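*Asks:* got a sequence here, can you build the structure:
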Amino acid sequence: MSYTVREIAEALGATLLGDGEIRVVRPAEPALAGRDDLALAMDPKYADGLAGSSARAAIIWDGADWRGFGLEAAIIVRRPRYALARLTRMMDLGPAIAPGVHHSAVVDPSAEIGPEAAIGPLVVIGRGARIGARARIAAHALIDAGAILGDDATIGPGVRIMAGVRIGDRFIAQPNAVLGGDGLSFVTPEKSGVERARESLGDQGEVMAQSWTRIHSLGGVEIGDDVEVGACTCIDAGTIRPTRVGNGTKIDNLVMIAHNVTVGRDCLFAGQVGIAGSTRIGDRVVLGGQVGAADNIFVGDDVIAGGATKILSNAPAGRVLLGYPAQKMETFLEGARNVRRLGRLIDQVARLQKAVPKRGDDH
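*Replies:* Numbering: from 1, shown residues only. Now for the predicted structure:
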């Protein structure tokens, strides 16, 4: 598909300069942009790349000499990254799935398929499942028995939505995400070494042979509206009550959300985040890559945790965290600076020790 520069400017609510009838096919980095591309030069640092490109149209920074760059049309936006979100949504056609149900799909007769849904090759939809209107389900996906998928969902290839999972509208799942698998919930006939170590904070007592018995996951998963889940992310079913993810939350690839976890609204989790069982996450919480949260704790609203932070105890609302164990960011950074000074401090102490006479030395 192609778009006129005018159509793009109107969709972005932006200012158009020059010839709005020029057609572009795709966005491109300024230095790589060709005649049919829309160069994204929303900061002066892209000036050199834009000057050397063949682009006829660009999104530029306010105040740029767009004609001096040889452009025939320019768009000026107020907030560049927000404009990029709207532009990419406009140009993303989503997975190419033909309308209707592919002949190779296996759909249980009791399943309900909403109007204008598109079901791709080798999809399996189980007994009593309900698929919302205009849902698009790519090849090899599974919507298991009793699962509910809301309107306007986009399900990537190989996604597994297990039995009894309930999902709201406008859900997006990237390839191979798994929702509703059993959680890591096992018990031993007698009190285990893990339990004793936790109670004593380090002593597991007498070491003995142990065997693990599964506690089955019956609670399922409930996901709100406008939630996105990344590739290969897993959200485990709750034991008795559902694992829950609130409206508007966005989850990156390779994230693990364990059984009985509750995640609030409009949270943002980067890749390889791990949240252990029964932990509660408040609203608008942002967790950087590889952040871990221990089980049975509460992370308050509006907490921000930098990459690789390990949250081992309750975190109050609004706190900005970093480190292992998690600390206030300013406290962690001060400690890191002090660690870097240790070498010099040790050298200074050694010199002082040499300068101070030892007991019994003559003066």
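*Asks:* all helices for the stretch 101-250 of the chain, in order.
*Replies:* According to DSSP state H, counting those that start in this stretch, the stretch 101-250 of the chain carries its helices in the segments 193-200.
*Asks:* state the pLDDT value of residue 233.
*Replies:* With respect to pLDDT, residue 233 scores 98.
*Asks:* can you list phi and psi of residue 353 for me?
*Replies:* Main-chain dihedrals, residue 353, degrees, to the nearest 10: phi -60, psi -40.
*Asks:* gap between it and residue 346?
*Replies:* Residue 353 sits 11 Å away from residue 346, going by Cβ to Cβ, to the nearest Å. In this view, the C-beta of every residue, glycine as well, is placed from N, C-alpha and C.
*Asks:* low-scoring stretches of this structure, by residue?
*Replies:* 360-363 (pLDDT under 70).
*Asks:* OK, contacts around residue 182?
*Replies:* Neighbouring residues of residue 182 by Cβ atoms under 8 Å, 6 or more residues apart in numbering: 214, 216-217, 236-237, 259.
*Asks:* output these as TSV; include the columns neighbour count and distance to residue 171.
*Replies:* Converted to TSV, these look like this (neighbours: other Cβ atoms under 10 Å; distance: Cβ to Cβ, whole Å):
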residue	neighbour count	distance to residue 171
214	11	29
216	11	26
217	24	21
236	25	17
237	24	17
259	26	20
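*Asks:* can you tell me which of the residues you listed is nearest residue 61?
*Replies:* residue 236 (45.4 Å; Cβ to Cβ).
*Asks:* pretty sure that closest one contacts residue 245?
*Replies:* No. Taking contacts as Cβ atoms under 8 Å, residue 236 lies outside contact range of residue 245: 11.6 Å.
*Asks:* residue 288 against residue 303, yeah?
*Replies:* No. Residue 288 lies out of contact with residue 303 (Cβ under 8 Å); the separation is 11.3 Å.
*Asks:* who has more neighbours, those two?
*Replies:* Of the pair residue 288 and residue 303, residue 303 is the one with more neighbours under other Cβ atoms under 10 Å, namely 26 against 19.
*Asks:* pretty sure that one is touching residue 319, no?
*Replies:* Yes. Counting by Cβ under 8 Å, residue 303 does reach residue 319; the two are 5.3 Å apart.
*Asks:* measure the closest residue to residue 288 other than its chain neighbours to residue 291 for me?
*Replies:* Using Cβ to Cβ, 6 or more residues apart in numbering and skipping residues adjacent in sequence, the residue nearest residue 288 is residue 307, 3.8 Å away. Per Cβ to Cβ, residue 307 is found 7 Å from residue 291.
*Asks:* now swap in residue 313 and tell me
*Replies:* Counting by Cβ to Cβ, the gap from residue 313 to residue 291 is 14 Å.
*Asks:* between the two, which is the more surrounded one?
*Replies:* residue 291 (27 against 11).
*Asks:* quick check: that one vs residue 220, distance?
*Replies:* 25 Å.
*Asks:* do the same with residue 288
*Replies:* 29 Å.
*Asks:* ok, now residue 240?
*Replies:* From residue 240 to residue 220 the distance is 10 Å (Cβ to Cβ).
*Asks:* who's more crowded, the two?
*Replies:* Remark: of residue 240 and residue 220, residue 220 carries more neighbours, 20 against 11, as counted by other Cβ under 10 Å.
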